[in-house]
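Novice: build the 3D model from these lines:
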Amino acid sequence: MALDRQRIVTEAVALLDAEGLDGVTTRKLAARLGVQSPTLYWHLPNKAALVTAIADAILDREFGDMSPPEPDQPWQDWLRQLAGRLRRALLAHPDGARVVSASQLSATMAAISELAMSTLVTRGIPLRHARVIVLTVERFTVGHVLEEQAPRPNPEGLKDFDMAAFTRRHPTVVAAITDYFGPGRTVDDLFHDCLEVVIAGAAAKAGATG
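Specialist: Predicted coordinates for the structure are as follows:
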């Protein structure tokens, strides 16, 4: 099979899924493709270009189709859905949020931002404020997923952790976590509740323009 950019990126995403971002190296990728590392540079000149190509591939799978809200759909609801799609795209791959946050000039991320900002401007929100709203929602979403995908402490690292002492020092933090994650509540609820604070605040500042 001929080696082309699409085949390289597809294999790079598979390598990401198998080993995470730290395992995505040109040496390993070349070995999977049965070529020498310099061959890859004809299509992707460096690691930064490879990471950006992976980011675009990750996002394209969720955002293969993008459209503005229907005329009667509030922009707030549409933006919530957009953020949810972005989160799904990132969670679909190990280190998905790290890949997208490390990408440089991702064409797909730019297209998402373009659609979101132009949608808000069409609804009467000034361009400067539209940009702030969209960037806040995007960065909150990526940051939230970075936290979700961060490695959890292993048992060895927790063996000397004194939970009782931690609770005495931070009683409100522990009580809040315990209270929030009652029966049936998940990190999905946390994402949506935090996102609601972001978008509700944006809508209030924008005067809840349609």
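
Novice: list the buried residues for the longest helix anywhere in the chain?
Specialist: Secondary structure of the chain per DSSP state H: the longest helix is helix 127-149. Buried residues in helix 127-149, counting neighbours by 16 or more other C-beta atoms under 10 Å, are found at 129-134, 137-138, 140-142, 144-146, 148-149. Bear in mind the C-beta positions are built from the backbone N, C-alpha and C, glycine included.

Novice: try stretch 20-40
Specialist: Within stretch 20-40, the residues that qualify as buried are 20-21, 24, 26, 28-30, 33, 40, counting by 16+ other C-beta under 10 Å.

Novice: hmm, who's touching that stretch?
Specialist: For stretch 20-40, contacts defined as C-beta atoms under 8 Å, 6 or more residues apart in numbering pick out 3, 7-8, 11-12, 14-16, 19, 47, 50-51, 54, 94-95, 98-99, 102.

Novice: now restrict these to buried residues only.
Specialist: Buried residues within the contacts of stretch 20-40, defined by neighbour count using 16+ other C-beta under 10 Å: 3, 8, 11-12, 15-16, 50-51, 54, 94-95, 98-99, 102.

Novice: among the residues you listed, which lie within strands?
Specialist: Residues of those located in strands (DSSP state E): none.

Novice: residue 155: which of those is nearest?
Specialist: Proximity of the buried ones among the contacts of stretch 20-40 to residue 155 (C-beta to C-beta) peaks at residue 94, which lies at 21.0 Å.

Novice: in this structure that closest one contacts residue 149, no?
Specialist: Yes. Using C-beta atoms under 8 Å, residue 94 is in contact with residue 149, at 7.0 Å.

Novice: give me the most central residue, this protein.
Specialist: residue 142 (3.7 Å; C-alpha atoms, centre = their mean).

Novice: list the contacts of that one.
Specialist: Going by C-beta under 8 Å, 6+ apart, residue 142 touches 86, 90, 97, 100-101.

Novice: how far does the longest helix of the chain sit from the chain's center?
Specialist: 9 Å (C-alpha atoms, centre = their mean, to the nearest Å).

Novice: now that helix - C-alpha only, PDB.
Specialist: What follows is helix 127-149, C-alpha atoms only, in PDB (Å, rounded to 0.1, in the frame of the first residue of the first chain):
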ATOM      1  CA  LEU A 127     -17.500  40.300  17.900                       C
ATOM      2  CA  ARG A 128     -15.100  40.900  20.900                       C
ATOM      3  CA  HIS A 129     -17.600  39.400  23.300                       C
ATOM      4  CA  ALA A 130     -18.400  36.500  21.000                       C
ATOM      5  CA  ARG A 131     -14.700  35.700  20.800                       C
ATOM      6  CA  VAL A 132     -14.400  35.700  24.600                       C
ATOM      7  CA  ILE A 133     -17.400  33.500  25.100                       C
ATOM      8  CA  VAL A 134     -16.300  30.900  22.500                       C
ATOM      9  CA  LEU A 135     -12.700  30.800  23.800                       C
ATOM     10  CA  THR A 136     -13.900  30.400  27.400                       C
ATOM     11  CA  VAL A 137     -16.200  27.500  26.500                       C
ATOM     12  CA  GLU A 138     -13.600  25.800  24.400                       C
ATOM     13  CA  ARG A 139     -10.800  26.200  26.900                       C
ATOM     14  CA  PHE A 140     -13.100  25.100  29.800                       C
ATOM     15  CA  THR A 141     -14.000  22.000  27.800                       C
ATOM     16  CA  VAL A 142     -10.400  21.100  27.000                       C
ATOM     17  CA  GLY A 143      -9.300  21.800  30.500                       C
ATOM     18  CA  HIS A 144     -12.100  19.700  32.000                       C
ATOM     19  CA  VAL A 145     -11.100  16.800  29.800                       C
ATOM     20  CA  LEU A 146      -7.400  17.200  30.600                       C
ATOM     21  CA  GLU A 147      -8.400  16.700  34.200                       C
ATOM     22  CA  GLU A 148     -10.600  13.700  33.400                       C
ATOM     23  CA  GLN A 149      -7.800  12.100  31.400                       C
END
